[in-house]
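1. Curious how this folds, go ahead:
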Amino acid sequence: MPLPKNSIILFQGDSITDASRNRQDQDRANNGLGTGYAYFTATELLLEHPGLNLRFYNRGISGNRITDLYARVREDILNLKPDVVSILIGVNDTWHGFMYNGGVAIPKYERVFREMLEEIRAELPRTKLVLCEPFVLKCGVVKAGWVKEMAVRRGIVRKLAEEFGAVFVPFQTEFDKAVKLAEPAYWAYDGVHPTPAGHLLMTRTWIKAVMGGA
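-> From the prediction side, this is the model:
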């Protein structure tokens with residue numbers, strides 16, 4: 001997926017995307033991106049494509065579920081009019097369910113996700129959609145029941161990517177390969193939040209899926 005000159009690329013999601021971003025600086029392109037894959041991805045693409053004047057923004061919010069993200073679709077997606085919007089959401093829909101009885105059931109997750117994408121597509125028909133595979137690793141806070149439920153959510157995201165002609169970024173697939181090289185906690189210290197190595201793996205996976213390499 002080539003990025004035209006002056007493209008606005010928006011990263012959306014939960015704490016994995018948020019990654020301690022600076023909200024005081026969030027309205028300046030290429031600033032306040034946090035310390036995670038959104039920052040690493042922007043840095044890599046800005047280095048590789050200095051002539052494109054790419055503009056990156058991060059609006060991920062820690063703790064968000066699909067319902068929280070959809071509630072702010074106007075303010076944090078539509079009003080920004082991105083050329084590309086990358087969405088990673090789903091782990092809190094499971095985590096909050098198992099830990100706090102505050103998750104989002106799988107049928108509602110699919111319904112709300114689809115409605116949000118329909119709204120984005122209706123108002124911003126030229127915006128490219130990038131849907132990222134939600135993931136968990138078997139360590140830390142992750143319980144056995146999470147793995148099965150997250151597999152269903154990943155299937156939904158893959159289906160929605162096909163339905164909306166979006167790029168699908170296979171994060172879980174790449175983490176599953178990575179845990180054969182080092183223990184799960186090396187990549188995500190609590191099974192959910194990536195380490196620096198995990199975030200860089202996500203960046204390389206995102207760039208390969210979206211850009212075909214770099």
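2. From the centre of this structure, point out the most distant residue.
-> residue 51 (25.8 Å; CA atoms, centre = their mean).
3. From what I see, that residue and residue 4 are in contact.
-> No: counting by CB atoms under 8 Å, residue 4 is not a contact partner of residue 51; they are 11.7 Å apart. C-betas here are computed from N, CA, C, even on glycine.
4. from the chain's centre, how far out does the lowest-mean-pLDDT helix or strand in the chain sit?
-> Using mean pLDDT, DSSP states H and E, helix 91-100 stands out as the lowest-scoring helix or strand of the chain, at a mean of 92. Here the centre of helix 91-100 is set off from its chain's centre by 17 Å, with CA atoms, centre = their mean, to the nearest Å.
5. Kindly report the same for stretch 172-188.
-> 18 Å.
6. Check stretch 69-76 too.
-> Centroid displacement of stretch 69-76 relative to its chain, using CA atoms, centre = their mean, is 15 Å.
7. Pull out the buried positions in it.
-> 69, 70, 73, 76 (16 or more other CB atoms under 10 Å).
8. Phi first, then psi, for the residue positioned nearest the centre of the chain.
-> Closest residue to the average C-alpha location of the chain: residue 88 at 2.4 Å, with CA atoms, centre = their mean. When read as degrees, to the nearest 10, the backbone of residue 88 gives phi -130, psi 110.
9. just checking, it touches residue 134?
-> Yes: with contact defined as CB under 8 Å, residue 88 counts as touching residue 134 (6.5 Å).
10. joint contacts of these two?
-> Common contacts of residue 88 and residue 134 (CB atoms under 8 Å, 6 or more residues apart in numbering): residue 171.
11. Start from the N-terminal end of this structure and give the strands.
-> Using DSSP state E, the strands of the chain run over 8-13, 55-58, 84-88, 128-132, 167-169.
12. want to throw the buried residues of stretch 69-76 into CSV with distance to residue 112 and pLDDT?
-> What follows is the buried residues of stretch 69-76, written out as CSV (distance: CB to CB, whole Å; pLDDT from 0 to 100):
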residue, distance to residue 112, pLDDT
69, 9, 98
70, 5, 98
73, 10, 98
76, 15, 97
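13. Adding distance to residue 127 as columns, could you present those in JSON lines?
-> Formatted as JSON lines, those follow (distance: CB to CB, whole Å):
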{"residue": "69", "distance to residue 127": "16"}
{"residue": "70", "distance to residue 127": "16"}
{"residue": "73", "distance to residue 127": "12"}
{"residue": "76", "distance to residue 127": "14"}
